[in-house]
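J.: generate coordinates for the sequence data below:
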Amino acid sequence: ADRLLSLLMLLQSRGRMTANQLAKELEVSERTIYRDIDALSASGVPVYGETGPDGGYDLLESYRTNLTGLKNGEVRALFMLSIPSSLDALGVSQDLKQALRKISAALPGSFRGDEEQVRQRFYLDSSWWHQSDGPLPHLRTIQQAVWEDRRLVITHRTMFGVYLDRMVEPYALVAKAGIWYLVCSRKSTIRVYRVSNVIDARISTENFQRKSDFHLETYWKEWCSNVEESQTAYNVTIRVSRDFIPYLSHYFGNSIREKVERANLPDGQGRIILTLSFETLEAARDRLLDFGRAVEVLEPIALRHSIVDIARQITNLYESQET
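T.: From the prediction side, this is the model:
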């Protein structure tokens, strides 16, 4: 049955194909293809064959599965979907790809070209630069507990490096910019844990009852807003070289252009002074080190010292290797 469905999908998506082409695609013999064609025909599928140089098997154009009502714009929007890494981590990317293939196969012939056209013109990348959440060995376990409304015992690492065991009621999983978070209830309070900080997860045999007034999207937006408001900005004063000024918007976004316009007049070497905000000293150091001599940190002094220390470590490492 699966092979017959695959054969049908091939004819729907690609149009006329020879027995040899079908056999190669499905990794069976041509004789098996002939039998499968007979089986499809006997089941009422309007498949027909033509001989000659351009011959092969095809379906009547009028035969399509029930996807009537899709407009051209809707078809193009559908095929703009790419498979984000967050779905791949859940193990559902292949199911989604297969579903899209089935939809593609069921489209009328006049729409088939839209899929490849869209895929060659649009690609949606949901990940951030230089971002990796690392391995998530317990994500599938957490996902199962979420689906089945079963209590979960997790061991998670706090920001201070302490490991704690918690019994939680897993409400949902949220992927934000490629990072997975567990939204759960503990002692009647909704909490959020980063999945990469979960070092162990065990599903309990106990089920739980979700709060009837809980709405995931509403809660998540409020939680993100509270996190952003609670974060204290780490302000950094930098001096930017003349040659690097045109590239600032590439690395910090278009909003930095206003700061450049409001900056004091360039000094004798064409450099300007700006104040930028980061989450932490470490975040500022890691970002600004990438720019080498193009950006000099003026304040805070602690950040200057940290950058000097990292630079000395790098210098010592390479000098020791050469000697």
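
J.: pull the biggest strand by length in the chain out as CSV, backbone CA atoms only.
T.: Selection of the longest strand in the chain by residue count, based on DSSP state E, yields strand 163-176. Provided in CSV are the C-alpha atoms of strand 163-176 (Å, rounded to 0.1, in the frame of the first residue of the first chain):
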residue,chain,number,x,y,z
TYR,A,163,21.9,21.3,40.3
LEU,A,164,18.3,21.0,41.6
ASP,A,165,15.7,18.3,41.3
ARG,A,166,12.1,19.5,40.6
MET,A,167,8.7,17.8,40.1
VAL,A,168,6.9,19.9,37.5
GLU,A,169,3.8,19.8,35.4
PRO,A,170,4.9,20.4,31.8
TYR,A,171,2.4,22.7,30.0
ALA,A,172,4.3,23.5,26.8
LEU,A,173,7.5,23.8,24.9
VAL,A,174,8.4,27.1,23.2
ALA,A,175,11.2,27.6,20.7
LYS,A,176,12.4,31.2,20.7
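
J.: so for that strand, mean pLDDT?
T.: When pLDDT is averaged over strand 163-176, the result is 94.

J.: where are the low-confidence patches of the stretch 201-323 of the chain?
T.: Residues of the stretch 201-323 of the chain that meet the criterion pLDDT under 70 lie in 231-232, 323.

J.: one step back: show me what the longest strand of the chain is packed up against.
T.: Using 3 or more Cβ pairs under 8 Å, 6 or more residues apart in numbering; DSSP states H and E, the elements in contact with strand 163-176 are helix 85-90, helix 139-148, strand 150-157, strand 179-186, strand 189-194, helix 216-230. (Each C-beta comes from the backbone N, C-alpha and C, glycine too.)

J.: quick one: buried residues of whichever strand or helix holds His250?
T.: Using DSSP states H and E, His250 sits in helix 248-252. Residues of helix 248-252 classed as buried by neighbour count (16 or more other Cβ atoms under 10 Å): Leu248.

J.: buried ones in the longest helix along the chain?
T.: Counting by DSSP state H, the longest helix found in the chain is helix 301-322. For helix 301-322, the neighbour count (16+ other Cβ under 10 Å) marks Leu303, Ser306, Ile307 as buried.
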